[in-house]
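Enquirer: my questions concern the predicted model and sequence given below.
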Number of protein chains: 2
Amino acid sequence: MATLTTINGEIKELCNFPLEPELIAEIDSSSKIMIVERDELFVKEGDQMDMIPLLLKGTVRCFYKDYDLDREILYYYAQPGESCLFTYFSMFDDHKSKVFAVAEKRTKILMVPREQVMEWHTKYKSWNKFMVNSYIKRYMDLLDGLKKAGLSKIEDRVIDYLDKKSDRVRSKSIKTTHKFIANDLGTTREVISRTLHHLENKNYLIRERGKILLKN
Amino acid sequence: MATLTTINGEIKELCNFPLEPELIAEIDSSSKIMIVERDELFVKEGDQMDMIPLLLKGTVRCFYKDYDLDREILYYYAQPGESCLFTYFSMFDDHKSKVFAVAEKRTKILMVPREQVMEWHTKYKSWNKFMVNSYIKRYMDLLDGLKKAGLSKIEDRVIDYLDKKSDRVRSKSIKTTHKFIANDLGTTREVISRTLHHLENKNYLIRERGKILLKN
DNA sequence: AAAATTAGGTGACTTTTGATACAAAGTTTT
DNA sequence: AAAACTTTGTATCAAAAGTCACCTAATTTT
């Protein structure tokens, strides 16, 4: 279960440019740190969002459930220094999450009360810059995904997917299943199995049960 | 050629919630209105962006040129009350446009100096809200595009494309060519011709040279 | 240990899309 | 009006991806 601890100066990890000391003090006094374990579902669709999560360490898989198609659609993997964009968006309408969020590994999250997130925008230039940068990054990522989806064949998309995952987990050994990859890429298990087989023949990786080892 | 005129209270058209009177006064004194004619290319890749365009009337087609693939990739159609998001993004790095922008029809644009756009974020709550809403809309559109690209066949994508275009031009009669649609959807002319033929058989539209008439 | 569940393998088939090639009709330029 | 260009029609072929069916192997539960 997720645990909440108080914060003690860990905010420096938050972003790569200086934050106003006053802002840091405000974060310190108003925000909490939450630790989420691997595979823990910590935001569900419909959850009332009174705090906006900002990633300090770890990765979060953000997805949406399409009830018509009875499928999960991957939105993005949030990384340290990023906010959960969708939760942030929810502040502008009904304060309810439109997405599910699951930790890909043990993850440390800064929880900032909604009111402050809004207030700080006009109060601190650095906060505004941080949020906008976060937004730009997400937008560009999405655009990249769109281009890849439209222009590449699955083989390339699988390679791209595995490379990114390998970067996130900082390992050439990826623990996952064919079904899971298929879900993230919006295709079927058979297609992924076939593709991974080809990639093994091309000496790009080694398949094991529940695991993929990237070569190179 | 684009013309610049001074502004006189047209800012109300800008967005659907009230703006601070001080902000309106600032817009009035610092911004200019530009009229762009149909099919006019008014932002080129690499252009120095000292002013951020905000659409008042009309539509702008925003695209990027992939020199590797020698193809244009459609990013979005900007509508009244929206900023040209990519131009805005450019403020955060080298101030150069990464995109091309062409008016889809006669378009009225508010040009706001870069410095003010940044300053107003922290100065006026309504401005911040306006810009963030603009992001959200763009992001959601993109997401929609991604879902469509991944889950639908071209027939559905063509229908969606034509419906949206019809909304924008406020007419069931759409002036366009098969080649143009193919470009926007990232496919080839033949595929679009074939698809439109099917859609005509299904009584969804009527094909004419350089024109498509939507039924229903 | 037997049964059930989960992960993965693979062949055969279908659908969709893209590529190629050429024809024909409509428009614009000369 | 002839020539050149643009737009559209269409047939054929190939490749890629999704579907179906059924099988094997590993792992977990009972």
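Expert: Perfect, thanks for sending it.

Enquirer: going forward, measure contacts between C-alpha atoms and count neighbours the same way
Expert: OK.

Enquirer: what residue ranges in chain A score low on pLDDT?
Expert: For chain A, applying pLDDT under 70 flags the ranges A:1-15.

Enquirer: which residue ranges of it form helices?
Expert: Along chain A, the segments classed as helices by DSSP state H run A:21-30, A:85-90, A:114-123, A:125-151, A:154-169, A:178-185, A:189-201.

Enquirer: quick check: domain ranges of chain A?
Expert: Domain ranges of chain A: A:3-149, A:152-214, per automatic domain parsing.

Enquirer: does the last one reach DNA strand C?
Expert: Read that as domain A:152-214. Yes - using Cα under 7 Å from any atom of the strand, domain A:152-214 comes into contact with DNA strand C via A:176-179, A:190-191, A:193-194, A:196-197, A:207-211.

Enquirer: how many other residues sit next to the residue in chain A that DNA strand D sits nearest to?
Expert: Of all residues in chain A, the one sitting closest to DNA strand D is A:K153 (2.9 Å; Cα to the nearest atom of the strand). For A:K153, the neighbour count with other Cα atoms under 10 Å in any protein chain shown is 10.

Enquirer: same check on A:S134?
Expert: In terms of burial, A:S134 registers 18 neighbours under the definition other Cα under 10 Å.

Enquirer: and what of the one 3 residues further on?
Expert: Using other Cα under 10 Å, the number of residues around A:K137 comes to 13.

Enquirer: for the closest residue to A:M51 other than its chain neighbours, give its distance to DNA strand C.
Expert: Residue nearest to A:M51 in three dimensions, not counting chain neighbours: A:P113, with 4.2 Å by Cα to Cα, 6 or more residues apart in numbering or on different chains. In this structure, A:P113 and DNA strand C are separated by 37 Å, where distance is defined by Cα to the nearest atom of the strand, to the nearest Å.

Enquirer: in chain A, what residue sits furthest out from the centroid?
Expert: Checked against the mean C-alpha position of chain A, the extreme residue using Cα atoms, centre = their mean is A:N201, at a distance of 31.5 Å.

Enquirer: check the burial of A:A182 by counting its neighbours.
Expert: If you count neighbours by other Cα under 10 Å, A:A182 ends up with 17.

Enquirer: that one touches A:S193, doesn't it?
Expert: No - using Cα atoms under 8 Å, A:A182 is not in contact with A:S193, being 9.0 Å away.

Enquirer: what about the residue in chain A that chain B sits nearest to, how many residues nearby?
Expert: For chain A, the nearest residue to chain B under the criterion Cα to the nearest Cα is A:T122, separated by 3.6 Å. A total of 20 residues lie near A:T122 under the criterion other Cα under 10 Å.

Enquirer: what residues are up against it?
Expert: With contacts taken as Cα atoms under 8 Å, 6 or more residues apart in numbering or on different chains, A:T122 has the following neighbours: A:N128, B:H121, B:T122, B:K123, B:Y124, B:K125, B:N128.

Enquirer: include distance to B:D50 when you put these into TSV, please.
Expert: Formatted as TSV, the entries for these read as follows, by distance: Cα to Cα, whole Å:
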residue	distance to B:D50
A:N128	20
B:H121	17
B:T122	19
B:K123	20
B:Y124	21
B:K125	23
B:N128	19
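
Enquirer: spell out which parts of chain A neighbour chain B.
Expert: A:89, A:92, A:121-125, A:128, A:135-136, A:139, A:142-143, A:145-146, A:149-150, A:186 (Cα under 8 Å from any Cα of the partner chain).

Enquirer: out of those, which touch DNA strand D?
Expert: The residues of these that also fall near DNA strand D, by Cα under 7 Å from any atom of the strand, are A:G186.

Enquirer: from the residues of chain A next to chain B, list the buried ones, please.
Expert: Among those, those buried by neighbour count (16 or more other Cα atoms under 10 Å in any protein chain shown) are A:89, A:121-125, A:128, A:135-136, A:139, A:142-143, A:145-146, A:149, A:186.

Enquirer: widest-spaced pair of those?
Expert: For those, the maximum inter-member distance is 41.5 Å, found between A:K123 and A:G186 (Cα to Cα).

Enquirer: around DNA strand D, which positions in chain A sit nearby?
Expert: Contacts of chain A with DNA strand D, taken as Cα under 7 Å from any atom of the strand, map to A:S152, A:K153, A:I154, A:E155, A:G186, A:T187, A:T188, A:E190, A:V191, A:R209.

Enquirer: what about A:D66, distance to DNA strand C?
Expert: Distance of A:D66 to DNA strand C, computed by Cα to the nearest atom of the strand: 20 Å.

Enquirer: for that residue, give me its contacts.
Expert: Residues in contact with A:D66, defined by Cα under 8 Å, 6+ apart, are A:E72, A:I73.

Enquirer: gap between it and A:E45?
Expert: As for A:D66, its distance to A:E45 is 11 Å (criterion: Cα to Cα, to the nearest Å).

Enquirer: what of A:V132?
Expert: Distance from A:V132 to A:E45, by Cα to Cα: 24 Å.

Enquirer: sorry, back to before: doesn't A:L54 make contact with the residue nearest to A:M51?
Expert: No - using Cα under 8 Å, A:P113 and A:L54 do not qualify as a contacting pair, with a distance of 10.9 Å.

Enquirer: more neighbours: the two, which one.
Expert: A direct count of neighbours by other Cα under 10 Å for A:P113 and A:L54 places A:L54 higher, at 24 against 17.

Enquirer: picking up where we left off before, A:V132 and A:E45: which has the busier surroundings?
Expert: Neighbour comparison, A:V132 and A:E45: the larger count goes to A:V132, with 17 against 14 (by other Cα under 10 Å).

Enquirer: distance of that one from A:L213?
Expert: The separation that A:V132 has from A:L213, given Cα to Cα, amounts to 36 Å.

Enquirer: so what touches stretch A:174-184?
Expert: With contact meaning Cα under 8 Å, 6+ apart, stretch A:174-184 is reached by A:71-74, A:162, A:165-166, A:188-189, A:191-193, A:209-214.

Enquirer: for that stretch, buried residues please.
Expert: By neighbour count on 16+ other Cα under 10 Å, the buried set for stretch A:174-184 is A:I174, A:T177, A:H178, A:K179, A:I181, A:A182, A:N183, A:D184.
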